[in-house]
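Enquirer: Here is the input, now give the coordinates:
(one chain, ligands or ions: 1)
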Amino acid sequence: MEATQVADGLFCLSANLGTGLLFEGMWPLPRGCSMNSYVVKGREVAIVDGVCDWDGVPETLYAQMAQIGVDVHSIRYVVINHTEPDHTGWLKSFLQITRDFEVVITQKGLELARAFYDLEVNYRIVRSGDTIDLGNGKMLRFEETPNVHWPDTMVTLETGTGTLLSCDIFGAFGALEQSPFDDRLDEAELKCFEAEALRYFANIVCRFSPSVARAVEKVKGLPVRIVAPGHGPIWRRDPGRIIDLYQRLASFGGGPAEPVVTVVWGTMYGNTERALAPVLEGIAAEGVETAVHQVPETQVSNILASAWRSTGIVLAMPTYEFRMFPPMAAALEELGRKVVKGKVAFRLGSFGWSGGAQRELDEIVERHKLGWNFLEPVEFKGAALPEQLELLYERGRELARRVKSAALRQQ
Ligand SMILES: Cc1cc2nc3c(=O)[nH]c(=O)nc-3n(C[C@H](O)[C@H](O)[C@H](O)COP(=O)(O)O)c2cc1C
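Expert: Have a look, this model is predicted:
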């Protein structure tokens, strides 16, 4: 990536993580992921957020600074919206070059940053509403948005251009290839980034969706003209599009979401799969969309994204060694850790002699306090009988009807 001008005196420097890498060591990046850093040039120069410390990445940042005529030694302020190393790792390298700058950070951020870095530099603790005047009409205003991921998080508004440097909130997976701007992307590309924003949300920040909702409310009260996040595109033509998407995704934290059923299924010998078919037919008969994921084939990252936006969940798996089919247990544990709660749910599955899958499912849902509203499960010994297949069709219809009445209306 080349450095790009976002607005007058405000530049985006960006490095892409490749498709072979895993974000946070576990989330796949089939479209890569950008790490966006911003330089604001007034009479004084500030850099807002940075990049990770992986081989060559800080050097990419320095090369892009040179492209926009910024000498690294001239940086007066390093603003840390969020201490996570994907935005701060480069500081290790930067501290070798110069210590003649001020770190601008929240109190919680400083505690965290000191744990990660040798931060013997000047620092300035900021709180909501604090400002730094960089001169030449460039003013940074800080707003704390705690627990949008980590406890330290804040956003920075450059008031002259109305550019919100938002770090993780309003972020999306997906590398930036030619241009970082929404106004240079066609509708299909924007839709791709929206899907990657959903996956990013469900993998990275959904655990904190009440804090995200509060942060979105706060942002809506600010004079924002451009949204420039730490990952993904910069929303310059239509900042409301990503703000509204995040507001909507945060609202799914209670359970009711889109009128969609996520179906997660796994099988060893096909009995459970054959019994799932009438359930899918029943859901379709009610005109409700399904998103179907087989385990272990589907990565849990995608199952999380799908479940987060769905109002209903179907789980289809057999018993295996007195418990449930293990790949299903792994997927459910992840839904539990991310507290995908309040869904309308239904479970079916085959067993041979003792059963046991249902017991483990109950235990996981209870332990994570998921509060799923279950229809009566349908379990069958070996292959489902014709009357059980009819019952499964009816369960599909019933689930779909409940989903339609519980789903949130599209705003
Ligand atoms: C390795 C293995 C372990 C199993 N363990 C149990 C068990 O503990 N209790 C039980 O009732 N059935 C058990 N079963 C039987 C399966 O639940 C049964 O074959 C079921 O029909 C498989 O469903 P599927 O065709 O959808 O894979 C086991 C089957 C296999 C292959």
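Enquirer: hey, where'd the strands end up in the stretch 251-400 of the chain?
Expert: Listed in chain order, the strands of the stretch 251-400 of the chain (DSSP state E, counting those that start in this stretch) span 258-265, 289-294, 310-316, 319-320, 323-324, 344-351, 373-374, 378-381.
Enquirer: Tell me which of those is the most buried.
Expert: strand 310-316 (a mean of 28; mean count of other CB atoms under 10 Å). From N, CA and C alone the C-beta is placed, and that goes for glycine too.
Enquirer: Just the local confidence number for residue 287, please.
Expert: Listed pLDDT for residue 287 reads 98.
Enquirer: How about the contacts made by it?
Expert: With contact taken as CB atoms under 8 Å, 6 or more residues apart in numbering, residue 287 is in contact with residue 400.
Enquirer: got the contact list for the residue nearest the centre of the chain?
Expert: Nearest to the mean C-alpha position of the chain, counting by CA atoms, centre = their mean, stands residue 201 at 1.9 Å. Under the criterion of CB under 8 Å, 6+ apart, the neighbours of residue 201 are 212, 246, 249, 305, 308.
Enquirer: what's next to the helix or strand harbouring residue 103, contact-wise?
Expert: Taking DSSP states H and E as the criterion, residue 103 maps to strand 102-105. Applying CB under 8 Å, 6+ apart, the external contacts of strand 102-105 come out as 46, 76-80, 83, 110, 113, 119, 121-126, 132, 140, 142, 152.
Enquirer: cool, stretch 29-37 as well?
Expert: Against stretch 29-37 from outside (CB under 8 Å, 6+ apart): 1, 12-19, 21-23, 47-52, 57, 61, 86-87, 173-176, 180, 192, 196, 228-232, 234.
Enquirer: now the end-to-end length of that stretch.
Expert: Taking CA to CA, to the nearest Å, stretch 29-37 runs 19 Å from one end to the other.
Enquirer: quick one: that stretch to chain centroid distance?
Expert: Its chain's C-alpha centre and that of stretch 29-37 lie 12 Å apart, by CA atoms, centre = their mean, to the nearest Å.
Enquirer: Pull out the buried residues from it.
Expert: Across stretch 29-37, burial judged by 16 or more other CB atoms under 10 Å covers 29, 31, 32, 33, 34, 35, 36, 37.
Enquirer: Can you list the strands that the strand holding residue 103 pairs with?
Expert: strand 75-79 (parallel), strand 122-125 (parallel) (DSSP bridges).
Enquirer: Need the residues that contact the longest one.
Expert: Yep, that's strand 75-79 we're talking about. Counting by CB under 8 Å, 6+ apart, 44-50, 91, 94, 98, 101-105, 124, 132, 134, 140, 142, 156, 165 sit against strand 75-79.
Enquirer: And for the shortest one?
Expert: By CB under 8 Å, 6+ apart, the surrounding residues in contact with strand 122-125 are 77, 101, 102, 103, 104, 105, 106, 107, 110, 132.
Enquirer: and if we set it to 6 Å?
Expert: 102, 103, 104, 107 (CB atoms under 6 Å, 6 or more residues apart in numbering).
Enquirer: What mean pLDDT does the helix or strand hosting residue 218 get?
Expert: Element membership of residue 218, judged by DSSP H and E, is helix 209-220. Taken as a whole, helix 209-220 has an average pLDDT of 98.
Enquirer: And the helix or strand that it is followed by, what does it pack against?
Expert: Remark: after helix 209-220, the chain's next helix or strand is strand 226-229, criterion DSSP H and E. Judged by 3 or more CB pairs under 6 Å, 6 or more residues apart in numbering; DSSP states H and E, the packing partners of strand 226-229 are strand 163-167, helix 239-251.
Enquirer: ok, 10 Å please
Expert: Under the contact criterion of 3 or more CB pairs under 10 Å, 6 or more residues apart in numbering; DSSP states H and E, strand 226-229 touches strand 4-7, strand 10-17, strand 33-41, strand 154-158, strand 163-167, helix 239-251.
Enquirer: Most tightly packed of the ones you listed?
Expert: Mean neighbour count (mean count of other CB under 10 Å) peaks for strand 163-167 among the helices and strands packed on strand 226-229, with a mean of 29.
Enquirer: Okay, now the sheet partners of that strand, with direction.
Expert: Checking strand 163-167 against DSSP bridges gives partners strand 154-158 (antiparallel), strand 226-229 (parallel).
Enquirer: Quick one, which of the ones you listed gets closest to the ligand.
Expert: Distance to the ligand, taken as CB to the nearest ligand atom, is lowest for strand 226-229 among these, at 42.9 Å.
Enquirer: average pLDDT for the closest one?
Expert: On average, the pLDDT along strand 226-229 is 98.
Enquirer: What of stretch 358-367?
Expert: Mean pLDDT, stretch 358-367: 98.
Enquirer: Return the alpha-carbon coordinates of that stretch using PDB.
Expert: In PDB, the C-alpha atoms belonging to stretch 358-367 read as follows (Å, rounded to 0.1, in the frame of the first residue of the first chain):
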ATOM      1  CA  GLN A 358     -28.500 -33.800  24.700                       C
ATOM      2  CA  ARG A 359     -27.100 -33.900  28.200                       C
ATOM      3  CA  GLU A 360     -23.900 -32.200  27.100                       C
ATOM      4  CA  LEU A 361     -25.700 -29.600  25.100                       C
ATOM      5  CA  ASP A 362     -27.800 -28.700  28.100                       C
ATOM      6  CA  GLU A 363     -24.700 -28.400  30.200                       C
ATOM      7  CA  ILE A 364     -22.900 -26.100  27.700                       C
ATOM      8  CA  VAL A 365     -26.000 -23.800  27.300                       C
ATOM      9  CA  GLU A 366     -26.400 -23.700  31.100                       C
ATOM     10  CA  ARG A 367     -22.700 -23.100  31.900                       C
END
